[in-house]
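Participant: the sequence and its predicted three-dimensional model are supplied below.
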Amino acid sequence: MFKKIIDLSHELTSGMPVHPFDNSPVVRKTKEFTQDHYTDHELITGMHVGTHIDGPLHMLETGKNISELPLDYCVGRGVLIDARNKFLDRTLLDTLNTNNIRISHETIVLILTGHDKTWGTRNYFNSYPVMGKDFAQGLVDMGVHMIGLDTPSPDPMRFPFANHKSLLSHNVFIIENLTKLELLVGVKNFIIVALPLKITTDSSPARVIACVRE
Ligand SMILES: [Zn+2]
């Protein structure tokens with residue numbers, strides 16, 4: 001059905017690196033096969049850990065829960081913007097027009113910066129490429145509902161989180177902490193599936209995959 005499927009998610013593990021505002025998750029085995037005749041685990045985690053999707057309630061007082069995220073936002077044709085060594089400003093979006101790449105409300109736009117290469121180092125959460133306001137506004141103007149980043153955030157790590165608010169208030173959901181986006185460079189035809197848990201929270205960890213059709 002697909003030529004290949006690429007996992008764009010980080011593995012969720014105990015003690016994994018997290019944003020300084022968060023606690024690292026705890027993944028713990030609660031039942032042992034040899035003793036209990038079956039295996040079980042429990043998970044204690046914040047919602048903004050590893051690969052996850054930010055929903056409106058994260059940054060807007062009256063936003064909706066992530067469980068209300070329409071499923072048709074979660075599956076869509078993927079478009080990759082190669083932003084490696086570039087500023088995330090509107091001129092990058094203009095290159096899509098120049099290259100005749102069509103964006104619609106059904107498109108999931110992924111922004112490759114290559115910053116995931118620093119995952120596991122202090123730099124990952126302390127020094128990452130952020131979006132220009134015009135870039136965030138450009139994504140809103142294009143009418144997309146889901147974007148994906150290989151960084152921890154579209155904003156600097158301090159109030160007022162303007163890009164989050166601009167995107168989320170226009171129903172643009174934000175996948176953060178993706179990895180391996182470079183595997184999609186030059187791939188013309190792929191579908192992104194980005195599913196959060198069905199959970200009554202602001203945001204949720206997610207498994208995000210690219211299904212390559214070409
Ligand atoms: Zn987040």
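Facilitator: Arrived safely.
Participant: could you verify that Val140 is part of a helix?
Facilitator: Yes. When DSSP: H, G, I helix; E, B strand; the rest coil is applied, Val140 is found to be in a helix.
Participant: neighbours of it, how many?
Facilitator: 16 (other CB atoms under 10 Å). Glycine gets a C-beta too; all of them are placed from N, C-alpha and C.
Participant: per-residue confidence at the closest residue to it other than its chain neighbours?
Facilitator: Ranked by CB to CB, 6 or more residues apart in numbering and with sequence neighbours excluded, the top spatial neighbour of Val140 is His170, at 4.5 Å. What the model reports as pLDDT for His170 is 96.
Participant: mind listing residues that contact the one helix or strand Leu110 maps to?
Facilitator: According to DSSP states H and E, Leu110 maps onto strand 107-112. Outside strand 107-112, the residues within contact range by CB atoms under 8 Å, 6 or more residues apart in numbering are 8, 76-84, 88, 103, 139, 142, 144, 146-150, 178, 181-182, 184-185, 192, 194.
Participant: so among the residues you listed, which ones count as buried?
Facilitator: By neighbour count, with 16 or more other CB atoms under 10 Å, the contacts of strand 107-112 hold 8, 76-83, 88, 103, 139, 142, 144, 146-150, 178, 181-182, 184, 192, 194 as buried.
Participant: among those residues, which ones are in strands?
Facilitator: Of the buried ones among the contacts of strand 107-112, the ones assigned to strands by DSSP state E are 76-82, 146-149, 192, 194.
Participant: in CSV: those residues, plus distance to the ion and pLDDT.
Facilitator: Below are those laid out as CSV (distance: CB to the ion, whole Å; pLDDT from 0 to 100):
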residue, distance to the ion, pLDDT
Gly76, 20, 97
Arg77, 24, 97
Gly78, 20, 97
Val79, 22, 97
Leu80, 21, 97
Ile81, 20, 96
Asp82, 23, 96
Met146, 14, 98
Ile147, 12, 98
Gly148, 12, 98
Leu149, 10, 98
Ile192, 18, 98
Ala194, 13, 98
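Participant: ok, so of the residues you listed, who is nearest Asn123?
Facilitator: Closest approach to Asn123 among these (CB to CB): Leu149, at 15.8 Å.
Participant: so what's the closest one up against?
Facilitator: By CB under 8 Å, 6+ apart, the residues touching Leu149 are 110-111, 113, 174-178.
Participant: which one of these is nearest to Leu92?
Facilitator: Nearest to Leu92 among those is Ile111, at 8.3 Å by CB to CB.
Participant: and the closest one, how far from Gly46?
Facilitator: As judged by CB to CB, to the nearest Å, Ile111 and Gly46 stand 23 Å apart.
Participant: between the two, which one's more packed in?
Facilitator: Set Ile111 next to Gly46 and count neighbours by other CB under 10 Å: Ile111 wins out with 27 against 17.
Participant: give me the neighbour count for Phe87.
Facilitator: 13.
Participant: need the contact list for the residue lying closest to it once chain neighbours are set aside.
Facilitator: Closest residue to Phe87 apart from its sequence neighbours, by CB to CB, 6+ apart: Gly132 at 6.6 Å. Residues in contact with Gly132 (CB under 8 Å, 6+ apart) are 87-90.
Participant: quick one: Gly132 and Lys86, what's the gap?
Facilitator: Distance, Gly132 to Lys86, using CB to CB: 11 Å.
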